[in-house]
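Student: compute the structure for the input listed below.
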Amino acid sequence: MLGANDGIVSTASLLIGVAAATPARTTVLTAGIAGLVAGAMSMAAGEYISVSSQRDAERADLQIEADALRANPRGELRELAKIYEDRGVEPGLARLVAGQLMARDQLGAHMRDELGITEIATARPLQASWTSAVAFTSGAILPLLAALSATTVRIPLIVVVALIALVGLGALGAFAGGAPWKRASLRVVTWSSLAMALTYVIGLFVGAHT
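Tutor: Numbering: from 1, shown residues only. Got it, this is the predicted structure:
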């Protein structure tokens, strides 16, 4: 959702700024395509680096926990049982559960209940990378298609397409999170409109002085 929003706002703003500076379709489309590719690659690279760092931290935590289990298994058993006690399990039962879980997969039990790392939540850099790139591209393609229109309606059409898409995404995100959709949509439209207005003014200024 956030990646698509970024794609819409950044690409629409870029296209509006360039279109305000020059009516040449080739120039506008070249800037838009370059912005789409650069944005998608930036999102992909940023997510890959960020999630890779998270994965490295998880691996370090796993190694520390494995070393602790080898050095002091009884202490780790008490530590795991204490976690269950803090969650409301009776002390004797907590120790029994901890012992049974550690007998089956002692490292997995500690990774899950002590560190909060599960198979589902494990950091996956490549997956995060391509997902972010696809999300950005899916948003950026909408204002780029609008930029194919005639010069006289190009900027208004980019604005309308971008705002409609942003309202839709804002409402969808609000519904998914159980929040009021009008407030979410208004927020994203306000800031996005400001971004597009600023790039439009900059484009006019640059176009008038070149």
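
Student: make it CA atoms for all contacts and neighbour counts henceforth
Tutor: Noted.

Student: now the element after the top helix by length along the chain, going C-ward?
Tutor: Taking DSSP state H as the criterion, the chain has its longest helix at helix 25-71. Going down the chain from helix 25-71, the next helix or strand is helix 73-86, by DSSP states H and E.

Student: pull the CA atoms of that following helix into PDB?
Tutor: This file holds the C-alpha atoms of helix 73-86, laid out as PDB (Å, rounded to 0.1, in the frame of the first residue of the first chain):
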ATOM      1  CA  PRO A  73      20.500 -25.700  29.300                       C
ATOM      2  CA  ARG A  74      18.900 -25.600  32.800                       C
ATOM      3  CA  GLY A  75      19.100 -21.900  33.000                       C
ATOM      4  CA  GLU A  76      17.500 -21.500  29.600                       C
ATOM      5  CA  LEU A  77      14.800 -23.900  30.700                       C
ATOM      6  CA  ARG A  78      14.000 -21.700  33.700                       C
ATOM      7  CA  GLU A  79      14.100 -18.600  31.500                       C
ATOM      8  CA  LEU A  80      11.600 -20.100  29.100                       C
ATOM      9  CA  ALA A  81       9.300 -21.300  31.900                       C
ATOM     10  CA  LYS A  82       9.400 -17.800  33.400                       C
ATOM     11  CA  ILE A  83       8.200 -16.400  30.100                       C
ATOM     12  CA  TYR A  84       5.100 -18.700  30.300                       C
ATOM     13  CA  GLU A  85       4.600 -17.800  34.000                       C
ATOM     14  CA  ASP A  86       4.600 -14.100  33.100                       C
END
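
Student: how about it, which residues are buried there?
Tutor: By neighbour count with 16 or more other Cα atoms under 10 Å, helix 73-86 contains the buried residues Glu76, Leu77, Glu79, Leu80, Ala81, Lys82, Ile83, Tyr84, Glu85.
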